[in-house]
Structures are given as structure tokens and as C-alpha cells.
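[1] Sequence and predicted structure, then a few things I'm wondering about:
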Amino acid sequence: MTAAPARLPSAKPYLKPRCARTGAAAMRRAVLRMPLGEPDGIDIAAEVARNREDDR
């Protein structure tokens, strides 16, 4: 008898199990619900602009 030929991998793309996708979505929603806290008074846009002016 001859051995059965090796099976080729499926042409279908690998899909994560549904539970992994819903778990990731639940984690994203949980992070978005987290409180941001009080502002610290630092203007990030002004800091970035100042750093870019220093580089010129």
C-alpha cells in the first residue's frame, strides 16, 4: 500500500475564533469607558510646536 498524499493547507484565510474577536472588542470598549482624570494643564500641541521650532 502507498501512503496517502499530504494535504495542502486550505486556501481560506485564517480567521480568529469569534470569542477572540468579541473579547478584543469588549476590551476596546472597556478602555474607552475608563475615566481620563483631571487635565494637568499641559498643552501638548504647544509643546510639540515649540520642539519643532527648536529643530529648525
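    Structure's in. What do you need?
[2] What does Pro35 show for phi and psi?
    The phi and psi values for Pro35, taken as degrees, to the nearest 10, are phi -70, psi 140.
[3] any idea of the pLDDT on it?
    At Pro35, the pLDDT value in this model is 91.
[4] same check, this time on Arg50
    Reported pLDDT for Arg50: 90.
[5] Low-confidence ranges, the chain, go.
    Applying pLDDT under 70 to the chain flags the ranges 1-20, 56.
[6] Can you give the contact residues for stretch 31-44?
    Residues from elsewhere that reach stretch 31-44 (Cβ atoms under 8 Å, 6 or more residues apart in numbering): none. Backbone N, C-alpha and C define where each C-beta goes, glycine included.
[7] would you put the C-alpha positions of that stretch in CSV?
    Only the C-alpha atoms of stretch 31-44 are listed here, as CSV (Å, rounded to 0.1, in the frame of the first residue of the first chain):
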residue,chain,number,x,y,z
VAL,A,31,-10.7,51.1,27.7
LEU,A,32,-12.9,53.8,26.1
ARG,A,33,-15.1,53.8,29.3
MET,A,34,-12.2,54.4,31.6
PRO,A,35,-12.1,57.9,33.2
LEU,A,36,-9.5,60.2,31.8
GLY,A,37,-8.9,62.0,35.0
GLU,A,38,-8.4,65.8,35.5
PRO,A,39,-6.4,67.8,33.0
ASP,A,40,-2.9,68.6,34.1
GLY,A,41,-2.7,71.9,32.3
ILE,A,42,0.0,70.9,29.8
ASP,A,43,-0.8,72.0,26.3
ILE,A,44,0.6,69.2,24.2
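[8] buried ones in it?
    Buried residues in stretch 31-44, counting neighbours by 16 or more other Cβ atoms under 10 Å, are absent.
[9] Buried residues, the longest helix that the chain contains. List them.
    As assigned by DSSP state H, the longest helix anywhere in the chain is helix 18-33. Buried residues in helix 18-33, defined by neighbour count with 16+ other Cβ under 10 Å: none.
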